[in-house]
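Student: This is a predicted model, with the sequence first.
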Amino acid sequence: MRSLGRILAHVANLWPWYLGIVICSLASAGTALAVPFVLRSVTDLVVAAVNTHAVDLGAVVRLAAVLLAFDLANTVTSNIGGYLGDNMAMRLRAGLSKRYFDKLLGLPQRYFDDELSGTIIGRLSRSITEITQFMQSFSNNFFPMLLTVGAVLVITAHYSVWISLLLLAIFPLYVFFTALTSRRWQRFERRKNAHVDQASGRFAEVISQMRVVKSFVQERREYSGFSRHYDRTVALTRPQSRWWHSMDVVRRGVLNVVFFVIYLIIFLGTARSVYSLGTMVMLVQMVGMARQPATMMSFFVDQSQRAVAGSRDYFEVLAQPSEHDWRHEDAPAPALIDADAPMISFRDISFGYGQGPDVVEHISFDVARGERLALVSESGGGKTTLVSLLMGLYRPRQGQILVSGHDTSTLGVTQLRAEVGVVFQEPLLFSGTVSENIAYADPDVADQQIRDAAKRANADAFIRALPHGYASVVGERGLKLSGGQKQRIAVARAMIKDAPILVLDEATSALDSRAEQAVQNGLEQLMEGRTSIIIAHRLSTIATVDRIVTMRGGRVDEIGSPAELAASGGIYAQLLALQASGRRRDRRRL
Ligand code: ADP
Ligand code: MG
């Protein structure tokens, strides 16, 4: 319930809508309440006419017209309330979704390492749907009903305090009983949601990696894994629903008995001439108006429980620590110029993921301004980890990273990342056009600049050969392009970012030698005038760097020029020998 309160506080700016809804609720409840009174007058008039044989037809018609007027007024006001409710709900949904996305954008990479994207998306849509539905039915249905019940209590008290007291007793009893039984319901709901979340996570993965599923012919397994989760939710629904509805039988059974007593009071009272026939009609109607909310209570309670569960999930994400408040940081122009300091300094850096052991330990080296430095280690040796630390995707456990003499831990990730351009091994593109992808760092950049970047990245020729040239769409993650094409677009994208530091993380490792050559030419252009850290699998691509840092067991092993390291007999020399013999073998095979 506290989380629901937080939702309300969260959407406090919607109060004018709520106020409008409250006013409409009052009006529609008022007009609905007037109907039994008119009915009483009509009934008494008709009964008197029957008894005295003197019929005033005009008066009967007039009263019936009043009935129509109240009904019409009720129709109009409840529809205005519905209109306001719909709009309020959509605003609420939009507000909650935006807040969630805003939060996600500020969360550290760690969060996304641990969560499946489908799970994140599924949870968002479920929690927001449930919160919104509850708030909408709360304002549109529950609130008017509450008002009606209040009025009915007051009016019936005028005729019989007993009726009023009995009605009054129902609601707190109902709420108390529900609160008593809801904990168990919630436990089931949480377990069901966990299954749905896992299924959605896998679902999204399967969709985005359909090629793998197809080529390994694993449709059957994926289907049964998915089904298993949903079968569990079905299985859990059985005891959950049984529990809920058995409790509802008790709850509503009590309600039925209470209404039986109330009706008995009315009928006996009329039979003993305490009430006129008209009053009886009115009271039966009035009590009927309170009866509907009473039975609807379980529906509202059910909805409110879902909303509580939903808002708990929602606020769990909102409570995650953000790495920065991106809203209040303008991406600064790269400007960390301190000509005396080395461009990058790793000082005694140690880091491991999560609770795991250190992946890199006591790493110390500098990269001079304009230098090209290669990182070499075995696969899994911590190269990507080290450049991720440089980009501030993770925080080191120990040590400092300096950029242009500035401690990056005090720099703010936005400013730090503005300094670093990067080309990954898997160059992920967005689903828009080629132009949009190249201009990702700056959507306002001129077409001419996009073209220049593409030319320098050795991409212009193939882009122009695409069916729609620069306006061709690349598909999700760029799947309509070949690896080498994607990579050259990624190079052009890094050119537009124009950051002083460049990280190439196995940028050509996934390519065949011809595509590699095409990309390599682009990379040479990109590295021009920048400080570069190059991670490459094929040693031929790093033979021209200024210095090489080799890592072994997460520590720096050797640092030196390619020639020095080739002569020293360390990892680099060993890898060189290995690759040379591999090439000889390949040549023999050809
Ligand atoms: P390299 O780039 O040199 O091949 P990485 O830096 O990618 O190596 O990985 C170093 C080690 O860290 C590996 O053992 C890998 O399993 C682990 N690792 C990499 N990324 C993550 C991550 N996001 N979460 C947990 N462990 C990771
Ligand atoms: Mg790597």
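Tutor: Thanks, I have the structure now. Numbers count the residues shown, from 1 in each chain. Ligands and ions are numbered 1, 2, ... in the order given.
Student: I'd like to know which residues of the stretch 351-500 of the chain are adjacent to ligand 1.
Tutor: By Cβ under 6 Å from any ligand atom, the residues of the stretch 351-500 of the chain that approach ligand 1 are 353, 359, 377, 379-385. (Glycine included, C-beta is placed from N, CA and C.)
Student: would you turn those into CSV with secondary structure and neighbour count?
Tutor: CSV is the format used below for those (DSSP: H, G, I helix; E, B strand; the rest coil; neighbours: other Cβ atoms under 10 Å):
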residue, secondary structure, neighbour count
Y353, coil, 14
V359, coil, 19
S377, coil, 23
S379, coil, 8
G380, coil, 10
G381, coil, 22
G382, coil, 24
K383, helix, 22
T384, helix, 19
T385, helix, 22
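Student: of all these, which comes closest to I344?
Tutor: Distance to I344 across those (Cβ to Cβ) is lowest for K383, with 14.4 Å.
Student: Give me the pLDDT for that closest one.
Tutor: pLDDT, K383: 94.
Student: Surely it touches A536?
Tutor: No: counting by Cβ atoms under 8 Å, K383 sits too far from A536 to count as a contact (9.7 Å).
Student: Can you list phi and psi of M551 for me?
Tutor: Main-chain torsions, M551, degrees, to the nearest 10: phi -120, psi 140.
Student: so who does it touch?
Tutor: Going by Cβ atoms under 8 Å, 6 or more residues apart in numbering, M551 touches 360, 363, 375-377, 381-383, 386, 557.
Student: Against ligand 1, how distant is the residue nearest to Y111 when sequence neighbours are not counted?
Tutor: Distances taken as Cβ to Cβ, 6 or more residues apart in numbering place Q320 nearest to Y111, at 6.2 Å, with adjacent residues excluded. As judged by Cβ to the nearest ligand atom, to the nearest Å, Q320 and ligand 1 stand 17 Å apart.
Student: sec struct for Q320, please.
Tutor: What DSSP: H, G, I helix; E, B strand; the rest coil gives for Q320 is coil.
Student: Equivalent analysis for H362, please.
Tutor: When classified by three-state DSSP, H362 comes out as strand.
Student: Once you drop chain neighbours, what's closest to it?
Tutor: Distances taken as Cβ to Cβ, 6+ apart place D348 nearest to H362, at 5.5 Å, with adjacent residues excluded.
Student: burial count for that neighbour?
Tutor: 12 (other Cβ atoms under 10 Å).
Student: Which strands border the helix or strand it falls within, and is each parallel or antiparallel?
Tutor: Taking DSSP states H and E as the definition, one finds D348 inside strand 344-351. Applying DSSP bridges, strand 344-351 is found paired with strand 360-367 (antiparallel), strand 398-403 (antiparallel).
Student: Other residues contacting the shortest one?
Tutor: What that stands for is strand 398-403. So strand 398-403 is in contact with 336, 341-351, 362-364, 389-390, 407-409, 411, 416, 419, 501, going by Cβ under 8 Å, 6+ apart.
Student: Check stretch 521-529 too.
Tutor: Stretch 521-529 is contacted from outside by 370, 372, 421, 423, 456-459, 488, 491-492, 494-495, 502, 504, 507-508, using Cβ under 8 Å, 6+ apart.
Student: 6 Å - rerun?
Tutor: Stretch 521-529 is contacted from outside by 456-458, 488, 491, 494-495, using Cβ atoms under 6 Å, 6 or more residues apart in numbering.
Student: Tell me which of the residues you listed fall in helices.
Tutor: 456, 488, 491, 494-495 (DSSP state H).
Student: Now do the contacts for the residue nearest the centre of the chain.
Tutor: Geometric centre of the chain, nearest residue: L124, 4.1 Å, by Cα atoms, centre = their mean. With contact set as Cβ under 6 Å, 6+ apart, L124 has these partners: Y100.
Student: Low-confidence stretches in the stretch 251-400 of the chain?
Tutor: 329-339 (pLDDT under 70).
Student: how many neighbours does G122 have?
Tutor: So G122, with other Cβ under 10 Å, has 20 neighbours.
Student: Relative to A418, how far out is the residue in the stretch 51-200 of the chain that ligand 1 sits nearest to?
Tutor: Across the stretch 51-200 of the chain, no residue is closer to ligand 1 than D113, which sits at 4.2 Å (Cβ to the nearest ligand atom). Applying Cβ to Cβ, to the nearest Å, the value for D113 to A418 is 23 Å.
Student: and the one helix or strand E189 maps to, average pLDDT?
Tutor: E189 is part of helix 161-208, with elements assigned from DSSP H and E. Mean pLDDT, helix 161-208: 87.
Student: Please pull up the helix or strand immediately following it.
Tutor: Proceeding N to C from helix 161-208, the next assigned helix or strand is helix 210-215, under DSSP H and E.
Student: So what touches that next one?
Tutor: Residues external to helix 210-215 that are found in contact with it (Cβ under 6 Å, 6+ apart): 206, 222.
Student: buried residues in it?
Tutor: Residues of helix 210-215 classed as buried under the neighbour-count rule (16 or more other Cβ atoms under 10 Å) are V213.
Student: partner residues bridging I533?
Tutor: L373, V503.
Student: Wait, it touches D505, no?
Tutor: No: assessed by Cβ atoms under 6 Å, I533 is found out of contact with D505, at 8.5 Å.
Student: Look at the two and report which has more neighbours.
Tutor: Set I533 next to D505 and count neighbours by other Cβ under 10 Å: I533 wins out with 25 against 20.
Student: Please enumerate the helices of the stretch 351-500 of the chain.
Tutor: Counting by DSSP state H, counting those that start in this stretch, one finds helices in the stretch 351-500 of the chain at the ranges 383-390, 413-418, 434-438, 447-456, 460-465, 483-497.
Student: Could I have the CA atoms of the third one written out in CSV?
Tutor: This points to helix 434-438. Taking C-alpha atoms only, helix 434-438 is exported to CSV below (Å, rounded to 0.1, in the frame of the first residue of the first chain):
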residue,chain,number,x,y,z
VAL,A,434,22.7,4.4,-42.7
SER,A,435,22.8,8.1,-42.3
GLU,A,436,21.2,8.0,-38.9
ASN,A,437,23.7,5.4,-37.7
ILE,A,438,26.7,7.4,-38.9
